[in-house]
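Undergrad: Let me see the structure of the following:
(one chain, ligands or ions: 2)
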Amino acid sequence: MQSCIATANRLVVKVGSSLVTNDGRGLDHAALGRWAAEMAALTRMGKQVVLVSSGAIAEGVARLGWPRRPSALHELQAAAAVGQMGLVEAYERCFKAHGLKTAQILLTHEDLADRTRYLNARSTLLTLLGLGVIPIINENDTVSTDEIKVGDNDTLGALVTNLIDADALIILTDQRGLYSADPRKHPDARFIDEYEAGQPELEAMAGGAGSSVGTGGMYTKIIAAKRAARSGASTVIASGREDQVLGRLAKGEAIGTQLTARTTRLAARKQWLADHLQVRGTLQLDAGAVRAVAQQGTSLLPIGVASIEGDFLRGEMVRCVGPDGSEMARGLCNYDAADARRIVRLPTSQIEAVLGFVDEPELIHRDNMVVL
Ligand SMILES: Nc1ncnc2c1ncn2[C@@H]1O[C@H](COP(=O)(O)OP(=O)(O)O)[C@@H](O)[C@H]1O
Ligand SMILES: N[C@@H](CCC(=O)OP(=O)(O)O)C(=O)O
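TA: Ligands and ions are numbered 1, 2, ... in the order given. Below is the predicted model:
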């Protein structure tokens, strides 16, 4: 089997607390340096890399000289604030050694649940990647209370994977990958090389929370892989202590456990389009446009739209109906309702003359449309 990382262009790499902090003893600077060197090599191969790093609380606990991880929320939040400083300072230094700039992004659940904030987070991350910067993400633990937090960084890694349409998620941890049972308790457990993400039997293999340093254990990694697979991204769970783990995966070597997404990214996106978004308006297509979209699989151009109902913003979901009023497709409109009204029935070449700008030549791009 060739690792899915070989063909992935955009990657999210998640590293867990026990790895980052030497099992809670304090930041493992040598390990951070090794991962930074490997991620730098990936960027030289043309891949875009986002790092999701845990370890703020564990590092804060070590810096404050506390004997163990506290349980009171305000103490955890205080520890996170102290530890996050050390984390980003160390990463900045490690990436700088390879000529790479870093950016700190602290996210909360609300940033990913609220549509406007979601789009802002997405566009900031994509801008940073376009600039060749390595975004380093963690949950904003100091302001996240139980009710509103993502809770663990495996889940955060999957949410970020979906947020930026990454091709794959790599979860580095303190085990070689997934075993048929927790290897700490079952030394005879069988190693899993590859499995289809989202299969229920995986959840049975992963016990509860793992080490005393991290939060998730293997269970949250399995659920993260299931989540990432919904947007068509496969997940690799591997040991962060394995020599050259990222570089070897990028060369196609099968290391760790690969949890493969069954659907392609495009098919997953279309499923999401079909299921999840609120419809804000209606485009009435002429018979020629219905034929082109439904039978020839083309994008929807303004010339094929007779009229528009509703009030929607650029990027919002609209319904496409035929001359008989029946819904035949849905998609994300490239223009807001007011601009779209001004360009319907016109050839693409006239968009600029009418609006003074061209966002996209089509009203709805094929990739952002699902035909019903
Ligand atoms: N089926 C399994 N295969 C491998 N590890 C497992 C399994 N079930 C539970 N675990 C435990 O999960 C731990 C990793 O989770 P965790 O400590 O939260 O790591 P991280 O900090 O990297 O997120 C392993 O050390 C292991 O003890
Ligand atoms: N945001 C927390 C990480 C929580 C977490 O999920 O840790 P882990 O299970 O080690 O990935 C921190 O930085 O301490």
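Undergrad: Could you report the pLDDT at the residue nearest to Thr264 when sequence neighbours are not counted?
TA: The shortest distance from Thr264 to any non-neighbouring residue, by CB to CB, 6 or more residues apart in numbering, is to Gly232 (5.3 Å). Heads up, the C-betas are built off the backbone N, CA and C, glycines and all. Note on Gly232: pLDDT of 93.
Undergrad: can you count the residues close to Gly232?
TA: 23 (other CB atoms under 10 Å).
Undergrad: Surely it forms part of a helix?
TA: No. Assessed with DSSP: H, G, I helix; E, B strand; the rest coil, Gly232 is coil; it does not lie in a helix.
Undergrad: Determine the longest helix present in this structure.
TA: Selection of the longest helix in the chain by residue count, based on DSSP state H, yields helix 73-96.
Undergrad: What separation is there between the closest residue to Thr173 other than its chain neighbours and Leu156?
TA: Of all residues not flanking Thr173 in the chain, Gly16 sits nearest, at 4.9 Å (CB to CB, 6+ apart). Distance, Gly16 to Leu156, using CB to CB, to the nearest Å: 12 Å.
Undergrad: Can you report how many residues neighbour Lys14?
TA: 30.
Undergrad: For the residue nearest to it when sequence neighbours are not counted, give me its contacts.
TA: With sequence-adjacent residues excluded and distances taken as CB to CB, 6+ apart, Lys14 is closest to Gly157, at 3.7 Å. With contact set as CB atoms under 8 Å, 6 or more residues apart in numbering, Gly157 has these partners: 12, 14, 52, 169, 171, 224, 228.
Undergrad: quick one, phi/psi of the fourth one?
TA: According to degrees, to the nearest 10, the main-chain angles of Leu169 amount to phi -120, psi 130.
Undergrad: I figured it hits Thr161, correct?
TA: Yes. Contact criterion CB atoms under 8 Å: Leu169 and Thr161 qualify, at 4.6 Å.
Undergrad: which bits of the protein sit near ligand 2?
TA: Residues of the chain lying near ligand 2 by CB under 6 Å from any ligand atom: 16-17, 54-58, 80, 138-139, 141, 152-153, 214-216.
Undergrad: from the residues you listed, which would you call buried?
TA: Taking 16 or more other CB atoms under 10 Å as the criterion, what is buried in those is 16-17, 54-58, 80, 138-139, 141, 152-153, 214-216.
Undergrad: of these, closest to Asp336?
TA: Relative to Asp336, the closest of those is Glu139; by CB to CB it sits at 33.1 Å.
Undergrad: For beta bridges, what are the partners of that closest one?
TA: Beta-bridge partners for Glu139, by DSSP bridges, are Leu107.
Undergrad: Show the pLDDT at it.
TA: For Glu139, pLDDT reads 95.
Undergrad: Keep only those of the contacts of Gly157 that are in helices.
TA: 224, 228.
Undergrad: Which one of the contacts of Gly157 is nearest to ligand 2?
TA: Minimum distance to ligand 2 across the contacts of Gly157 is 6.9 Å, recorded for Lys14 (CB to the nearest ligand atom).
Undergrad: which residues does the closest one contact?
TA: 51-54, 153-154, 156-157, 169-172, 224.
Undergrad: Test my guess that the residue nearest to Thr173 contacts Val52.
TA: No. With contact defined as CB under 8 Å, Gly16 does not count as touching Val52 (9.8 Å).
Undergrad: Overlap in contacts, the two.
TA: Asn153.
Undergrad: I'd assumed Leu332 was in contact with Glu360.
TA: No. Glu360 is beyond contact range of Leu332, at 10.5 Å (criterion: CB under 8 Å).
Undergrad: The residue of the stretch 251-372 of the chain found nearest ligand 2: neighbour count?
TA: Among the residues of the stretch 251-372 of the chain, Gly256 lies closest to ligand 2, at 15.9 Å counting by CB to the nearest ligand atom. For Gly256, the neighbour count with other CB under 10 Å is 29.
Undergrad: List the contacts of Met39.
TA: 13, 49, 51, 95, 100, 134, 246.
Undergrad: Name the next helix or strand downstream of the helix or strand of the chain with the lowest mean pLDDT, please.
TA: Within the chain, no helix or strand scores below helix 265-276, which has a mean of 75 by mean pLDDT, DSSP states H and E. Where DSSP states H and E defines the elements, the next helix or strand beyond helix 265-276 is strand 279-285.
Undergrad: Can you spell out which helices and strands pack onto that next one?
TA: Counting contacts by 3 or more CB pairs under 8 Å, 6 or more residues apart in numbering; DSSP states H and E, strand 279-285 packs against strand 305-310, strand 317-321.
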